[in-house]
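Visitor: coords please:
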Amino acid sequence: MANMALPVSLADVVDEMEMLGEGDLRAFLNRQTAELYSGTDEQIAKAEENDDDLLDWEVEVIDRLRDILESPDWLELPQRNSHEDYRIMERFCRERCEGLLQEELLSAITNRGAFGRFKDAIHRRGVQEAWYSFRRQRIEEEAREWLEAHGIAFTP
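Guide: The predicted structure follows:
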């Protein structure tokens, strides 16, 4: 009898995907055990290059990443990028804000420095909780679609 894959926690996948937009992190999901594991671009490069010039604390991490990269059971979670986050900010402005607030936030997300100005504006206007909730819901939609596309069962 074939072993059944464990369902993945959608909340855990969303937590991981939220962090992916913040730097050089990449994350992987084991489709059999539902385990999540992440590493930096630099760590993954060392694993791919079989770099043995490692610091003591890196050895275990790099060995684990090598195993992950070589196994068909592990899938890389979709990378998040600034264009996707920008579209989410714009949707938030148009769908959840109106009047002067909408104008102020749409103005904040134009040109360079959009993310910083947007963050300042949502905190100044007291709508940061609404923003974080909206953003998480959009990332959850992406995660659901990705899991379904890969035939991976999940729980909330």
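
Visitor: Go ahead and name everything in contact with the top helix by length along the chain.
Guide: Longest helix in the chain, counting residues (DSSP state H): helix 128-149. Surrounding helix 128-149, the residues in contact under the criterion CB atoms under 8 Å, 6 or more residues apart in numbering are 8, 10, 13-14, 17-18, 77-78, 80, 84-85, 88, 91-92, 95-96, 122, 153-154. C-beta here means a position set from N, CA and C on the backbone, and glycine is covered the same way.

Visitor: Report the next helix or strand after it in sequence order.
Guide: Next along the chain after helix 128-149, taking DSSP states H and E as the criterion, comes strand 154-155.

Visitor: so how far is the longest helix of the chain from its chain's centroid?
Guide: 10 Å (CA atoms, centre = their mean, to the nearest Å).

Visitor: Low-confidence regions, the protein specifically.
Guide: Within the chain, the ranges that satisfy pLDDT under 70 run 1-3, 21-23.

Visitor: try 80 this time
Guide: Within the chain, the segments meeting pLDDT under 80 span 1-4, 21-23, 50-52, 80-81.

Visitor: quick check: domain ranges of it?
Guide: Domain assignment for the chain, taken from automatic domain parsing, gives 8-79, 82-147.

Visitor: Figure out how far the longest one is from the centre of its chain.
Guide: This means domain 8-79. That offset, for domain 8-79, works out to 12 Å (CA atoms, centre = their mean).

Visitor: dump the residue contacts of Ala114.
Guide: Taking CB under 8 Å, 6+ apart as the criterion, Ala114 is in contact with 86, 89, 108.

Visitor: Pretty sure the second one sits in a helix.
Guide: So that's Met89. Yes. Under DSSP: H, G, I helix; E, B strand; the rest coil, Met89 sits within a helix.
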